[in-house]
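Enquirer: Structure here, sequence nowhere to be found:
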């Protein structure tokens with residue numbers, strides 16, 4: 001099939017490279033010429049394990065290309081996958097301006113190009129959008145198809161975790177096809193046949209568009225709730241001298257009632273491009289209907305308390321020089337959007353602490369788009385704060401905050417043996433945990 005992927009961020013780049021790898025002809029579209037140029041030369045505009053190799057293979061095979069022109073991508077295309085950002089607005093509502101922009105681009109371009117051989121084109125949203133978006137915002141744009149075209153719309157949410165997104169693309173928990181249009185549903189079954197036509201097929205779920213839209217919110221809200229649930233218990237148990245990691249290890253052994261161990265471990269606050277904004281969006285949807293949602297509000301409140309607790313403990317230490325090891329919201333990515341480590345650094349700097357930061361992935365020169373804008377707003381002098389290696393960041397540090405469990409980092413921490421260390425990760429290993437200055441964020 002020929003596929004046009006709109007948006008070359010984390011979801012779009014992984015989706016485009018993954019579909020090319022299984023034999024589809026894919027054209028990535030982005031308004032940012034830097035991202036387009038990066039893909040064109042076989043590189044990835046975002047940092048994600050295994051993605052550079054996947055992009056390079058797709059470009060070299062001729063099955064993956066990139067452009068800033070919607071018309072070039074849509075000529076004879078069977079499917080459009082919309083993977084643009086849907087950030088939070090001022091009141092927590094989902095900002096759909098980028099989605100609206102892409103819809104307008106597609107609608108304007110279709111009459112200028114040739115339809116696919118089947119005559120049918122599927123416009124499929126992959127971005128997280130509120131229930132009802134497809135019916136009220138997407139479908140009306142294509143209510144009157146151009147001559148020679150048949151247009152169907154759908155919602156096909158992605159379930160990619162940053163840090164292992166490539167692996168997740170080829171082994172998702174399930175595939176959800178939200179559409180009422182039979183031709184569009186058949187096209188999507190063909191698009192994802194590489195997941196369903198194999199010895200251990202991935203489960204396929206046909207739903208209505210609103211159900212598929214709501215499902216992503218349900219998943220992300222639950223993941224966000226699990227993180228805060230574990231951290232709330234950790235704050236309580238710490239006062240009784242209980243290691244909450246041991247408590248949660250036993251808790252997670254119950255996969256019949258407690259569902260699954262994913263995210264259920266004490267650690268630092270949740271963050272990133274999905275959980276915070278989707279939780280805010282759900283709260284906004286509840287307020288719009290006049291429905292109370294105390295658990296959602298409490299989840300965000302609990303997350304804030306995790307960050308505040310660490311800041312207060314650093315203040316109480318009486319220290320002045322702080323080393324922060326790990327800045328992105330999750331190890332093995334360069335995503336700084338709503339990273340709790342960025343928030344932590346900003347607060348400590350604002351309170352007069354001297355903060356040195358080391359992150360083995362983040363390179364300010366490679367950041368782009370919303371990722372770059374976020375760090376420019378929160379840590380405009382990031383270059384001056386970054387250390388070249390862990391040892392440089394640790395030199396003279398009175399308090400060490402560790403959010404990354406990479407061997408190079410834990411080895412440097414053990415060698416430095418800092419007077420006070422707060423483990424923001426929860427899995428730094430016995431060598432670090434045996435240090436006299438060690439303490440956990442919630443234990």
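Expert: Ah, there it is. Note that the structure is predicted; figures quoted are calculated from it, not measured.
Enquirer: Next, count neighbours for residue 148.
Expert: Neighbours of residue 148 under the rule other C-beta atoms under 10 Å: 10. (Glycine included, C-beta is placed from N, CA and C.)
Enquirer: actually residue 326, sorry about that
Expert: 25.
Enquirer: residues in contact with residue 141?
Expert: By C-beta atoms under 8 Å, 6 or more residues apart in numbering, the residues touching residue 141 are 103-104, 106-107.
Enquirer: That one and residue 104: what is the separation?
Expert: 8 Å (C-beta to C-beta, to the nearest Å).
Enquirer: What of residue 10?
Expert: Using C-beta to C-beta, residue 10 is found at 24 Å from residue 104.
Enquirer: Strands of the chain, residue ranges please.
Expert: 2-6, 25-29, 64-67, 79-82, 120-125, 150-155, 175-178, 204-207, 321-325, 354-358, 399-402, 421-423, 438-440 (DSSP state E).
Enquirer: can you pull the contacts of the nearest residue to residue 188 once chain neighbours are set aside?
Expert: Among residues not flanking residue 188 along the chain, residue 177 sits closest, at 4.8 Å (C-beta to C-beta, 6 or more residues apart in numbering). The contact partners of residue 177, taken as C-beta under 8 Å, 6+ apart, are 154, 156, 185, 188-189, 192, 204-207, 212.
Enquirer: Tabulate these (a markdown table), appending neighbour count, pLDDT and distance to residue 400.
Expert: Compiled in a markdown table, those are given as follows (neighbours: other C-beta atoms under 10 Å; pLDDT from 0 to 100; distance: C-beta to C-beta, whole Å):
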| residue | neighbour count | pLDDT | distance to residue 400 |
| --- | --- | --- | --- |
| 154 | 27 | 98 | 48 |
| 156 | 23 | 98 | 43 |
| 185 | 17 | 97 | 53 |
| 188 | 25 | 98 | 49 |
| 189 | 15 | 97 | 51 |
| 192 | 18 | 97 | 45 |
| 204 | 15 | 96 | 47 |
| 205 | 12 | 97 | 46 |
| 206 | 15 | 97 | 51 |
| 207 | 17 | 98 | 47 |
| 212 | 23 | 98 | 44 |
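Enquirer: and the residues you listed as CSV, adding distance to residue 343?
Expert: Output for those, formatted as CSV (distance: C-beta to C-beta, whole Å):
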residue, distance to residue 343
154, 36
156, 32
185, 42
188, 38
189, 42
192, 37
204, 39
205, 36
206, 40
207, 36
212, 32
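Enquirer: can you pull the pLDDT of residue 269?
Expert: Looking at residue 269, its pLDDT reads 95.
Enquirer: wait, doesn't it sit right on residue 300?
Expert: No. Contact criterion C-beta atoms under 8 Å: residue 269 and residue 300 do not qualify, at 10.1 Å.
Enquirer: Narrow the contacts of residue 141 to those that are buried.
Expert: Buried subset of those (neighbour count, 16 or more other C-beta atoms under 10 Å): 103, 106-107.
Enquirer: Need the contact partners of the helix or strand of the chain with the lowest mean pLDDT.
Expert: Least confident helix or strand, the chain: helix 369-378 with a mean of 85, by mean pLDDT, DSSP states H and E. Applying C-beta under 8 Å, 6+ apart, the external contacts of helix 369-378 come out as 9, 32, 35, 46, 85, 87, 273, 334-338, 342-343, 346, 364, 367, 382.
Enquirer: what's the answer for stretch 95-108, then?
Expert: So stretch 95-108 is contacted by 6-7, 70, 74, 80, 82, 84-89, 123, 125, 127, 129, 133, 137-138, 141-142 (C-beta under 8 Å, 6+ apart).
Enquirer: make it 10 Å
Expert: Where contact means C-beta atoms under 10 Å, 6 or more residues apart in numbering, the residues beyond stretch 95-108 that reach it are 4, 6-7, 29, 31, 69-71, 73-74, 77, 80, 82-89, 121, 123, 125, 127, 129-130, 133, 137-138, 140-142, 144-146, 151, 153, 277, 281, 370.
Enquirer: Narrow these to just the buried residues.
Expert: Among the contacts of stretch 95-108, those classed as buried by 16+ other C-beta under 10 Å are 4, 6-7, 29, 31, 70-71, 73-74, 77, 80, 82-88, 121, 123, 125, 127, 129-130, 133, 137-138, 142, 145-146, 151, 153, 277, 281, 370.
Enquirer: Quick one: residues contacting the residue nearest to residue 286 when sequence neighbours are not counted.
Expert: Nearest residue to residue 286, sequence neighbours excluded (C-beta to C-beta, 6+ apart): residue 293, at 4.1 Å. Residue 293 makes contacts with 221, 279, 282-287, 299, as judged by C-beta under 10 Å, 6+ apart.
Enquirer: swap in residue 398?
Expert: By C-beta under 10 Å, 6+ apart, residue 398 lies in contact with 314, 317-323, 353-354, 418-420, 437.
Enquirer: Please list the members of those that lie in helices.
Expert: residue 314 (DSSP state H).
Enquirer: Now the two most distant members of the contacts of residue 398.
Expert: Greatest spatial distance among the contacts of residue 398 (C-beta to C-beta): 354 and 437, at 18.3 Å.
Enquirer: Run a quick neighbour tally on the nearest residue to residue 47 once chain neighbours are set aside.
Expert: Among residues not flanking residue 47 along the chain, residue 334 sits closest, at 4.0 Å (C-beta to C-beta, 6+ apart). When counting by other C-beta under 10 Å, one arrives at 21 neighbours for residue 334.
Enquirer: For residue 334, give me its contacts.
Expert: Counting by C-beta under 10 Å, 6+ apart, residue 334 has contacts 10, 46-48, 162, 327-328, 359, 361-364, 366-367, 371, 375.
Enquirer: Filter the residues you listed down to the buried ones.
Expert: The buried subset of the contacts of residue 334 - by 16+ other C-beta under 10 Å - is 10, 46-48, 162, 327-328, 359, 361-362, 366-367, 371, 375.
Enquirer: Quick one: those as JSON lines, columns for distance to residue 252 too.
Expert: Compiled in JSON lines, the buried ones among the contacts of residue 334 are given as follows (distance: C-beta to C-beta, whole Å):
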{"residue": "10", "distance to residue 252": "27"}
{"residue": "46", "distance to residue 252": "31"}
{"residue": "47", "distance to residue 252": "29"}
{"residue": "48", "distance to residue 252": "27"}
{"residue": "162", "distance to residue 252": "22"}
{"residue": "327", "distance to residue 252": "28"}
{"residue": "328", "distance to residue 252": "25"}
{"residue": "359", "distance to residue 252": "29"}
{"residue": "361", "distance to residue 252": "28"}
{"residue": "362", "distance to residue 252": "30"}
{"residue": "366", "distance to residue 252": "36"}
{"residue": "367", "distance to residue 252": "35"}
{"residue": "371", "distance to residue 252": "32"}
{"residue": "375", "distance to residue 252": "33"}
